[in-house]
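Engineer: prediction below, plus the sequence it came from.
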Amino acid sequence: MTDVNAYLETESKLNPSPRPVFDRLPKYAAGKPPVAVEGLEQFKLSSNENPWGPVPEVADILSQFDTVHRYPDPLSTRLRGVLGEHLGVDPEDIVTGGGSLGALIQILSTFAGAQDDGKKDEVIYAWRSFEAYPICVGLAGAESIQVPNKADGSHDLEAMLAAITEHTRVILLCTPNNPTGPALTEIQVRDFLEKVPSHVVVVIDEAYFEFCSASEIPEGEEPPVNGLDIYPDYTNVVVLRTFSKAQGLAGLRVGYSISHPEITQYLRVAATPFAVTSLAEEAAIASVKHHDVVMDRVRHLVSERERVKKALEDLGWWIPETRANFVWLALGEHSPEFARRAEEVALSVRAFGTEGVRVSIGEDEANTRFISLCQNFEHGPKKP
């Protein structure tokens, strides 16, 4: 007993320690609010949010909601029914989650981690891409295999195929890619899937899909992929979507995945109970029912995106093709300076170290001020 007491006394003086993986995980850096500047209205362009929030019909739902004391339906049955009819898919193919990130965590928890023998599964994704990917993969117990983007910010699909090993369990395709902007086409994705082993889960992350569908595609170019045209033909494909971006429900956290029963049967087990609140479900349903109003706002944001992109290109700046609600400035070592200059004019932007800066499309006035900032910045990005 003396040894036991000595052990307990020693251990009681130590702080709780996290798993070793925490020492290797990056920290998620959310977009910061703008700094107050006297005489200037502040604009936040750092988080890819819809600057106008939800449509009025959703605002009515939010103001009248009165059942916060009741647990939500853990299966989001009504939302899945409305979504199924709207998208033309079987509601049983839909699994909801706390944003598309919550839905992604369900997938990784189900299909990627450490095996019984201690060997780690591998998850392949492009980099740079959504910065939560390495965090989620690491917490799941799997190994991140990051494949550098091409010089134009797009996925290097051939290199991603070459990275597949016997330990690969999941591949993430972010389209349009956050933070660089390019989107994959259906031809590219289908060709890729034909070469991926059928036991590997391929996630098509379409958080910005509505901005793709509202984009005008130049004649002769292939349009961005629509995951709903892909998944019926592949039992290993999962499509991710969210209500955070186009619908302006980022603060309510509701997203979903779409896949075959071979996958959904497990995702429902991995899903966090009650992750989608009743309020979030009602707001999402109203957004679906008033999809035309949502898309009117999306089309305006897309037109503003194109205005911004053209203005920067007229300055001689190189901007990667973007099908999302943001533009990527490949400023390299000048990225921190640009972010600081933005603060001086009451704009917040999202700098990624010394790689580049992502700027969300915001209110018209904010976009005009952003263009003016670029006019006075002497280190504009050049085509690689």
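Structural biologist: In hand now; what should we look at?
Engineer: pLDDT below threshold where in the stretch 1-150 of the chain?
Structural biologist: Scanning the stretch 1-150 of the chain for pLDDT under 70 picks out 1-2, 7-8, 10-13.
Engineer: for the stretch 251-384 of the chain, that is, sorry about that
Structural biologist: Within the stretch 251-384 of the chain, not a single segment meets pLDDT under 70.
Engineer: helices of that one, residue ranges please.
Structural biologist: With helices called from DSSP state H, counting those that start in this stretch, the stretch 251-384 of the chain shows them at 261-270, 278-289, 291-314, 335-344, 364-375.
Engineer: could you say which of these is packed most deeply?
Structural biologist: helix 278-289 (a mean of 21; mean count of other CB atoms under 10 Å). The C-beta positions use only the backbone N, C-alpha and C, and glycine is treated the same way.
Engineer: one step back: and residue 190, which of the helices of the stretch 251-384 of the chain is closest to it?
Structural biologist: helix 261-270 (18.8 Å; CB to CB).
Engineer: which helices and strands does the closest one pack with?
Structural biologist: Packing contacts for helix 261-270, counted by 3 or more CB pairs under 8 Å, 6 or more residues apart in numbering; DSSP states H and E, involve strand 94-97, helix 99-111.
Engineer: quick revisit: so can I have TSV of the helices of the stretch 251-384 of the chain showing distance to residue 154?
Structural biologist: As requested, the helices of the stretch 251-384 of the chain are exported to TSV (distance: least, CB to CB, whole Å):
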stretch	distance to residue 154
helix 261-270	27
helix 278-289	30
helix 291-314	16
helix 335-344	20
helix 364-375	23
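Engineer: and residue 43, which of those helices is closest to it?
Structural biologist: With CB to CB as the yardstick, what comes closest out of the helices of the stretch 251-384 of the chain is helix 364-375 (3.6 Å).
Engineer: give me the contacts around that closest one.
Structural biologist: 41, 43, 45, 51, 304, 307-308, 311-312, 315, 317, 341-342, 345-347, 349, 359, 361-362, 380 (CB atoms under 8 Å, 6 or more residues apart in numbering).
Engineer: coming back round to it: nearest to residue 125, out of the helices and strands packed on helix 261-270?
Structural biologist: helix 99-111 (10.7 Å).
Engineer: got a list of what residue 27 touches?
Structural biologist: Residue 27 touches nothing, counting by CB under 8 Å, 6+ apart.
Engineer: repeat that for residue 24.
Structural biologist: residue 138.
Engineer: where does it fall, phi/psi-wise?
Structural biologist: phi -110, psi -10 (degrees, to the nearest 10).
Engineer: that one and residue 134: what is the separation?
Structural biologist: 9 Å (CB to CB, to the nearest Å).
Engineer: just residue 52 next, same as before
Structural biologist: Distance from residue 52 to residue 134, by CB to CB: 32 Å.
Engineer: before we move on, what about residue 286?
Structural biologist: Distance from residue 286 to residue 134, by CB to CB: 35 Å.
Engineer: with adjacent residues omitted, what lies nearest to residue 54?
Structural biologist: residue 248 (4.4 Å; CB to CB, 6 or more residues apart in numbering).
Engineer: surely that neighbour and residue 57 touch.
Structural biologist: No: at 11.8 Å, residue 248 does not count as touching residue 57 under the criterion of CB atoms under 8 Å.
Engineer: for the two, indicate the residue with more neighbours.
Structural biologist: Ranked by neighbour count (other CB atoms under 10 Å), residue 248 and residue 57 place residue 248 first, with 22 against 14.
Engineer: and the more buried one, what's its pLDDT?
Structural biologist: You'll see residue 248 listed with a pLDDT of 97.
Engineer: so it is in which element?
Structural biologist: Under the criterion DSSP states H and E, no helix or strand holds residue 248.
Engineer: now the one helix or strand residue 228 maps to: average pLDDT?
Structural biologist: In the assignment (DSSP H and E), residue 228 maps to helix 227-230. Across helix 227-230, pLDDT averages out at 98.
Engineer: for it, packing partners?
Structural biologist: So helix 227-230, by 3+ CB pairs under 8 Å, 6+ apart, packs with helix 186-195, strand 237-242.
Engineer: mind listing what's buried in that helix?
Structural biologist: 227-228, 230 (16 or more other CB atoms under 10 Å).
Engineer: ok, stretch 142-149 next?
Structural biologist: In stretch 142-149, counting by 16+ other CB under 10 Å, buried: 142-147, 149.
Engineer: let's have those residues in TSV, adding secondary structure.
Structural biologist: Shown next, in TSV, are the buried residues of stretch 142-149 (DSSP: H, G, I helix; E, B strand; the rest coil):
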residue	secondary structure
142	coil
143	strand
144	strand
145	strand
146	strand
147	strand
149	coil
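Engineer: ok, these vs residue 193, which is closest?
Structural biologist: Closest to residue 193, out of all of these and judged by CB to CB, is residue 147, at 16.3 Å.
Engineer: ok, that closest one touching residue 123?
Structural biologist: No: applying CB under 8 Å as the test, residue 147 and residue 123 come out as separate, 11.2 Å apart.
Engineer: that older thread, show me how far the helix holding residue 228 is from its chain's centre.
Structural biologist: 18 Å (CA atoms, centre = their mean, to the nearest Å).
Engineer: which residues touch residue 223?
Structural biologist: Contacts of residue 223 by CB under 8 Å, 6+ apart are 185-186, 212, 217.
Engineer: make TSV out of the residues you listed and add distance to residue 282.
Structural biologist: Supplementary listing: the contacts of residue 223 in TSV, determined by distance: CB to CB, whole Å:
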residue	distance to residue 282
185	36
186	34
212	27
217	35
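Engineer: can you pick the most crowded of these?
Structural biologist: Busiest of the contacts of residue 223 [other CB under 10 Å] is residue 212, holding 21 neighbours.
Engineer: any idea which helix or strand carries that residue?
Structural biologist: helix 209-213.
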